[in-house]
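Student: Sequence and predicted structure are below.
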Amino acid sequence: MSDEQSHWLIDAIQQIQARLSQAFQNIEKLALNDSQAADNLAMIVMSIFQKALYDELLIKNQRRLSADVRERVRQQIHFLLAPIQTTTN
């Protein structure tokens, strides 16, 4: 990956992470105490996505994410968010 591509990817990830953090702060059901908690949650969600992308696209050299990989990511994010949602009900 070139330096330009790396910078583009890092910028894109940071923008998505910032948007997720803002979205988490706006969801009253999550009852996050502060913006740092929302930032941390956004970082964890992005880590799940990044691992799937890196494993499939870079390590396995797959051009597309399979339905199985997408489902695994969905399940991991659900696993992460489910306890937060149940404690706020």
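Tutor: Thanks, I have the structure now. Owing to the predicted nature of the structure, the values given are computational and were not obtained by experimental measurement.
Student: Pull the number of nearby residues for residue 41.
Tutor: Residue 41 is flanked by 21 other residues according to other CB atoms under 10 Å. For the C-beta atoms, the positions are set from N, CA and C on the backbone; glycine is no exception.
Student: now do the one 5 residues further on
Tutor: Other residues lying near residue 46 total 16 when counted by other CB under 10 Å.
Student: Please verify my assumption that it contacts residue 13.
Tutor: Yes: taking CB atoms under 8 Å as the definition, residue 46 is a contact partner of residue 13 at 6.1 Å.
Student: What about residue 44, how many residues nearby?
Tutor: Applying other CB under 10 Å, we find 15 residues neighbouring residue 44.
Student: If I look at it, what pLDDT would I see?
Tutor: On pLDDT, residue 44 comes in at 90.
Student: Not counting its neighbours along the chain, what's nearest it?
Tutor: Among residues not flanking residue 44 along the chain, residue 80 sits closest, at 6.3 Å (CB to CB, 6 or more residues apart in numbering).
Student: And that neighbour, what's its pLDDT?
Tutor: Looking at residue 80, the pLDDT reads 85.
Student: which helices and strands does the helix or strand where it lies pack with?
Tutor: Assigned by DSSP states H and E, residue 80 falls within helix 67-87. With contacts taken as 3 or more CB pairs under 8 Å, 6 or more residues apart in numbering; DSSP states H and E, helix 67-87 sits against helix 35-53.
Student: Give me the contact list for the helix it packs on.
Tutor: With CB atoms under 8 Å, 6 or more residues apart in numbering as the test, helix 35-53 has contacts from 13, 16-18, 20-22, 24-25, 30, 32, 65, 69, 72-73, 76-77, 80, 84.
Student: Buried only: go through those residues for me.
Tutor: With burial judged by 16 or more other CB atoms under 10 Å, the buried subset of the contacts of helix 35-53 is 13, 17, 20-21, 24-25, 30, 32, 65, 69, 73, 76, 84.
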